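# coordinates only, sequence not included:
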């Protein structure tokens with residue numbers, strides 16, 4: 001199984017959650033999906049980030065190519081949420097060619 005390169009040094013911007021994935025103004029469907037599926041919202045976003053960080057090395061990464069900004073990867077993970085339920089989430093990552101960060105670019109519940 002090929003895990004995400006440098007999985008132990010990933011950068012997970014909190015803004016990806018507070019301004020997008022868990023923002024009822026920006027994307028209410030994602031917000032509802034995270035709450036129902038795993039029990040996460042803006043008030044416990046730190047626990048969601050830590051859950052992703054801890055479980056990332058347990059799931060395979062799929063290389064999706066390089067679109068000019070760096071190598072892009074996808075990791076689908078099954079997490080157990082704050083509500084005790086399990087759900088799959090899709091995470092997208094870029095190995096940023098400019099600053100060298102392996103950074104989260106997208107996250108959502110994977111139906």
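Done, it's in. Keep in mind the model is a prediction, meaning the values are calculated, not measured.

# which outside residues touch stretch 26-37?
By C-beta atoms under 8 Å, 6 or more residues apart in numbering, the list of residues contacting stretch 26-37 from outside reads 19-24, 40-41, 48, 81, 85, 87, 108-109. To be clear about C-beta, it is placed using only N, CA and C from the backbone, and glycine gets the same treatment.

# Between which two of those residues is the distance greatest?
Maximum pairwise distance among the contacts of stretch 26-37 (C-beta to C-beta): 24.9 Å, between 19 and 85.

# isn't residue 72 right next to residue 65, touching?
Yes. With contacts counted by C-beta atoms under 8 Å, residue 72 reaches residue 65, the gap being 6.0 Å.

# quick one, helices of this protein?
15-16, 28-38, 45-55 (DSSP state H).

# Please name whichever of the ones you listed is nearest to residue 2.
Closest among those, using C-beta to C-beta: helix 45-55, at 15.9 Å.

# can you state the direction angle for the closest one and helix 28-38?
Interaxial angle, helix 45-55 versus helix 28-38 (axes from the mean of the first three to the mean of the last three C-alpha atoms, to 10 degrees): 70 degrees.

# Which other helices and strands does helix 45-55 contact?
strand 70-80 (3 or more C-beta pairs under 8 Å, 6 or more residues apart in numbering; DSSP states H and E).

# which residues sit against the strand it packs on?
4-5, 38, 51-52, 55-56, 58-66, 86-98, 105, 110.

# Among those, which are located in strands?
61-66, 86-96, 105 (DSSP state E).

# hang on, the earlier thing: need the helices of the chain in JSON lines with distance to residue 9 and mean pLDDT, can you?
Shown next, in JSON lines, are the helices of the chain (distance: least, C-beta to C-beta, whole Å; pLDDT from 0 to 100):
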{"stretch": "helix 15-16", "distance to residue 9": "17", "mean pLDDT": "94"}
{"stretch": "helix 28-38", "distance to residue 9": "25", "mean pLDDT": "94"}
{"stretch": "helix 45-55", "distance to residue 9": "10", "mean pLDDT": "98"}
